[in-house]
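**Q** Based on what follows, work out the 3D shape:
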Amino acid sequence: MENKEGEEVAEKQDHQPGIEAEMDPRPEYIKPNYKAAGKLQGKVALITGGDSGIGRSVVIHYAKEGADVAIVYLDEDEDANETKALVEAAGKKCLLIKGDVKNRDFCRSAVEQTAKELGGLNILVNNAGMQMPQKEFKDITEEQLEATFKTNIFAYFHFATAALDYLHDGDVIINTTSVTAYRSSPNLIDYSSTKGAITTFTRSLATNLVKKNIRVNAVAPGPVWTPLIVSTFDEEKIKEFGSETAMKRAGQPSELGPAYVFLASDDSSFITGQVLHINGGEVVNG
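**A** Numbering: from 1, shown residues only. Okay, the predicted model is just below:
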């Protein structure tokens, strides 16, 4: 499949959240010229949805910066094992934890397993998400609404709650919200609602935990080329994906990973309750 510029773009996948190994072209997870500086040396990070897309980029950047990582993923074994191999090639440990973040008990057990097998927890990245576009508001079923909220915001609560048993002075929580929390998204009403909730969750949890010197921030991506896109949008939308930005293109996961490094490191020690907007030039408020 080709877009307007004649470039090949991936065809729609039927399985959500999508398989990165089946995408053509594949997303870029780290830039070839990225230079690590040991910013996360000795840290342990847990990243939900870390097998592919933005999550994979975060995982690889963290490993390059010296962190051991745990990856929570749903059922994309091929993607997860490929990401693990990349982490181990960087000389760091990688723990794969397979399960459904809609399950509160699984969220807690994933945190406990991470702390036990990797020796603690310093960085929690809430990133796993789902979306099911609906052109008509009335087509959003109760089942869809519940699944979207359980995945996109309830799980963030569950992971953060469990992580607080292990996070200490100087540790961090980073949440993935979205540009859809700041502008109209008429075909993603339930999804954008959860992203708005993530934004306010980030701000409120940050002020709640500031007394413990645990910082909480978020990243709000615009359109980014990930498996979630090819598994949820139709082929026409895939062809046009990203063209609405000022840069007239979608971002690559590699263009977001360094922001998660910044928020996890001491470089951002005076930042909490904030959202970094990485969206190709969309002007947003808040």
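**Q** where does R183 fall, phi/psi-wise?
**A** When quoted as degrees, to the nearest 10, the phi and psi of R183 stand at phi -150, psi 170.
**Q** Just to check, it is in contact with V284?
**A** Yes: counting by C-beta atoms under 8 Å, R183 touches V284, with 6.5 Å between them. Placement of C-beta: from N, CA and C, glycine included.
**Q** Need the residues touching each of those two.
**A** Shared contacts of R183 and V284 (C-beta atoms under 8 Å, 6 or more residues apart in numbering): none.
**Q** What ranges in the stretch 1-150 of the chain fall below the confidence cut-off?
**A** When residues are selected by pLDDT under 70, those of the stretch 1-150 of the chain lie in 1-17.
**Q** 90 - rerun?
**A** Counting by pLDDT under 90, the stretch 1-150 of the chain shows low-confidence ranges at 1-27.
**Q** mind checking pLDDT for the residue nearest to L167 when sequence neighbours are not counted?
**A** Nearest in space to L167, with sequence neighbours left out and distances taken as C-beta to C-beta, 6 or more residues apart in numbering, is I214 at 5.4 Å. With respect to pLDDT, I214 has a value of 98.
**Q** I214: neighbour count?
**A** Residue crowding around I214 was assessed by other C-beta atoms under 10 Å; the count is 22.
**Q** show me the contacts for it.
**A** 164, 167-173.
**Q** Kindly report the same for F201.
**A** Neighbours of F201 in contact, by C-beta under 8 Å, 6+ apart: 153, 156-157, 175.
**Q** Helix, strand or coil: sort out it for me.
**A** At F201, secondary structure determined by DSSP: H, G, I helix; E, B strand; the rest coil is helix.
**Q** if we can go back for a sec, list only those of the contacts of I214 flagged as buried.
**A** When burial is judged by neighbour count using 16 or more other C-beta atoms under 10 Å, the buried members of these are 164, 167, 171-173.
**Q** quick check, nearest of those to P133?
**A** Comparing these against P133 with C-beta to C-beta picks out I173 as the nearest, at 28.6 Å.
**Q** A strand includes the closest one, no?
**A** Yes: with three-state DSSP as the criterion, I173 is located in a strand.
**Q** farthest-separated two in the contacts of F201?
**A** By the measure C-beta to C-beta, F157 and N175 form the most distant pair in those, at 10.6 Å.
**Q** So if I had to pick from those two, which one is more boxed in?
**A** N175 (26 against 15).
**Q** The more buried one touches T202, doesn't it?
**A** Yes: checked against C-beta under 8 Å, the pair N175 and T202 is within contact range at 5.0 Å.
**Q** any residues in contact with both of the two?
**A** With the criterion set as C-beta under 8 Å, 6+ apart, the overlap between the contacts of N175 and T202 is 216-218.
**Q** can you tell me which of the residues you listed are in strands?
**A** Using DSSP state E, the members of these that fall in strands are 216-218.
**Q** How about the contacts made by Y182?
**A** By C-beta under 8 Å, 6+ apart, the contact set of Y182 is 199, 220, 277, 284-286.
**Q** which of the residues you listed tops the neighbour count?
**A** Neighbour count (other C-beta under 10 Å) singles out A220 as the most crowded of these, with 25 neighbours.
**Q** What's the local residue count around K211?
**A** Every residue meeting other C-beta under 10 Å relative to K211 is counted, giving 7.
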